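Colleague: Sequence below, structure please.
(chains A and B)
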Protein chains: 2
Amino acid sequence: MDIQAFLELCVGRWFSQRSSYQFDSQKAESHKSELTVEWLENTDSLFIALCQEYRIDPNQVIGGQKVSWNSSLDFSKQKQIGTATMIVIPDENTPETGKIIQSFQSQPSKQGNYSLGRDEALTLSLEKGDFWLEERVWFASPNLRLRTSLMKGQNGYSRTAFYSEIRRMAPEEAA
Amino acid sequence: MDIQAFLELCVGRWFSQRSSYQFDSQKAESHKSELTVEWLENTDSLFIALCQEYRIDPNQVIGGQKVSWNSSLDFSKQKQIGTATMIVIPDENTPETGKIIQSFQSQPSKQGNYSLGRDEALTLSLEKGDFWLEERVWFASPNLRLRTSLMKGQNGYSRTAFYSEIRRMAPEEAA
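Modeller: I've put the predicted structure just below:
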């Protein structure tokens, strides 16, 4: 599976179960959310804006993703809704590695790196202000995506999370 | 990092925070445990017994591990104590992949495979009766180990778990 195929497999609606752990307070929590991953066309205004901001030739970019989440189905927790956008720029001769640019709601966009391993796990790393974030994503099957994130601050590791994500089928697909 | 170095880095005492998720019941749980990983010498009786059972030349085996866990520190949950033993047999020309044999308490031992990726994540896969188990282990730092496991039964995926494991230091090391 190459990076393009990997990103395409992410597209869809997912039921996401997150378990997070705070290192300082030793507090573990779990959350449910609905996640929608859309393919970002290179005609999309955000795609064009990110390319312009980072002076990137849109032809170098294989595409992007818009990820939206909504935790309404988790009645016991405070509702969380948000959107993040990412575009992916493979290295010219080694497309299994490259750059990513991520835009998260109204925050300034950030640049990072990706690497798709032989084991078909995608590792994303990003610096966000004083934080460094590493995310690892892989597919147990086309309809089961697993994902971990690890956040490091100036005082060491602060938070880790694990996501089990099951693809939601349209009724006609699931039948 | 090669497989030998990876296994050696696992040795020690760990505080393990587990988050698990059952697919059928959609039940999320979290547990704390203390984990002790010991290097298994090739003079160990269990090491010798596993080599004999699988007719493996002990010289092909790079070593083994004995993993013990104890959840006594998690007062709110039923106490869990156990031990598993694993020996590792690298493929002759590609030592980043190979076989593993795992012995879990009084259950029959099982044979499986390992693969150490370019991203320094170790993937272990094992068949346990009607279950198939995949475990993925990697180090965020020498003292922070992350681990996921995924279990599949005849009716599809049944359970996934994520472990954040912090190395416990002896007082003189931590000082």
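Colleague: Against chain B, how distant is the nearest residue to A:Tyr54 once chain neighbours are set aside?
Modeller: Leaving aside its chain neighbours, A:Tyr54 sits nearest to A:Ile101 (5.8 Å; criterion: CB to CB, 6 or more residues apart in numbering or on different chains). From N, CA and C alone the C-beta is placed, and that goes for glycine too. To chain B, A:Ile101 is 21 Å away according to CB to the nearest CB, to the nearest Å.
Colleague: What of A:Arg168?
Modeller: Applying CB to the nearest CB, the value for A:Arg168 to chain B is 13 Å.
Colleague: shouldn't that residue be in contact with A:Phe15?
Modeller: Yes - counting by CB atoms under 8 Å, A:Arg168 touches A:Phe15, with 5.7 Å between them.
Colleague: which residues are common contacts for those two?
Modeller: Common neighbours of A:Arg168 and A:Phe15, counting by CB atoms under 8 Å, 6 or more residues apart in numbering or on different chains, are A:Glu34.
Colleague: Give me the residues contacting stretch A:6-19.
Modeller: Here stretch A:6-19 makes contact (CB under 8 Å, 6+ apart) with A:1, A:28-39, A:62-63, A:65, A:69, A:88, A:116, A:120, A:122, A:137, A:139, A:142, A:145, A:161-168, B:19, B:21, B:26, B:28, B:30, B:162.
Colleague: In a strand, A:Trp14, correct?
Modeller: Yes - counting by DSSP: H, G, I helix; E, B strand; the rest coil, A:Trp14 falls inside a strand.
Colleague: What is the neighbour count of it?
Modeller: Residues near A:Trp14, counting by other CB atoms under 10 Å in any protein chain shown, number 24.
Colleague: A:Val61 now?
Modeller: 21.
Colleague: now the angle from the lengthiest strand in chain A to strand B:27-40?
Modeller: Using DSSP state E, we find that the single longest strand of chain A is strand A:27-40. Put simply, strand A:27-40 runs at 100 degrees to strand B:27-40, going by axes from the mean of the first three to the mean of the last three CA atoms, to 10 degrees.
Colleague: Not counting its neighbours along the chain, what's nearest A:Gly153?
Modeller: Nearest residue to A:Gly153, sequence neighbours excluded (CB to CB, 6+ apart): A:Phe131, at 5.4 Å.
Colleague: what does A:Thr85 give?
Modeller: Using CB to CB, 6+ apart and skipping residues adjacent in sequence, the residue nearest A:Thr85 is A:Ser103, 4.6 Å away.
Colleague: Let me know the pLDDT of the one you found.
Modeller: Note for A:Ser103: predicted pLDDT of 90.
Colleague: Kindly report the same for the one 10 residues further on.
Modeller: Per-residue confidence at A:Asn113 stands at 97 (pLDDT).
Colleague: neighbours around it, how many?
Modeller: Close neighbours of A:Asn113, defined as other CB under 10 Å, add up to 14.
Colleague: The host helix or strand of it close to chain B?
Modeller: For A:Asn113, the host element (DSSP states H and E) is strand A:110-116. Yes - interface with chain B: strand A:110-116 contributes A:Ser115 (CB under 8 Å from any CB of the partner chain).
Colleague: returning to what we had before: which residues touch the residue nearest to A:Thr85?
Modeller: Contact analysis of A:Ser103 by CB under 8 Å, 6+ apart lists A:46, A:50, A:84-86, A:109-110.
Colleague: tell me the angle of the helix or strand that contains it relative to strand A:110-116?
Modeller: Element membership of A:Ser103, judged by DSSP H and E, is strand A:97-104. Interaxial angle of strand A:97-104 relative to strand A:110-116 (the same axes, to 10 degrees): 140 degrees.
Colleague: got any ranges where chain A has weak pLDDT?
Modeller: Regions of chain A meeting the criterion pLDDT under 70 cover residues A:75, A:170-175.
Colleague: Can you name the residues of it sitting close to chain B?
Modeller: Going by CB under 8 Å from any CB, the residues of chain A near chain B are A:17, A:19, A:21, A:23, A:26, A:28, A:30, A:115, A:117-119, A:121, A:123, A:134, A:136, A:138, A:140-141, A:144, A:146, A:148, A:150, A:152, A:157, A:160, A:162, A:164, A:166.
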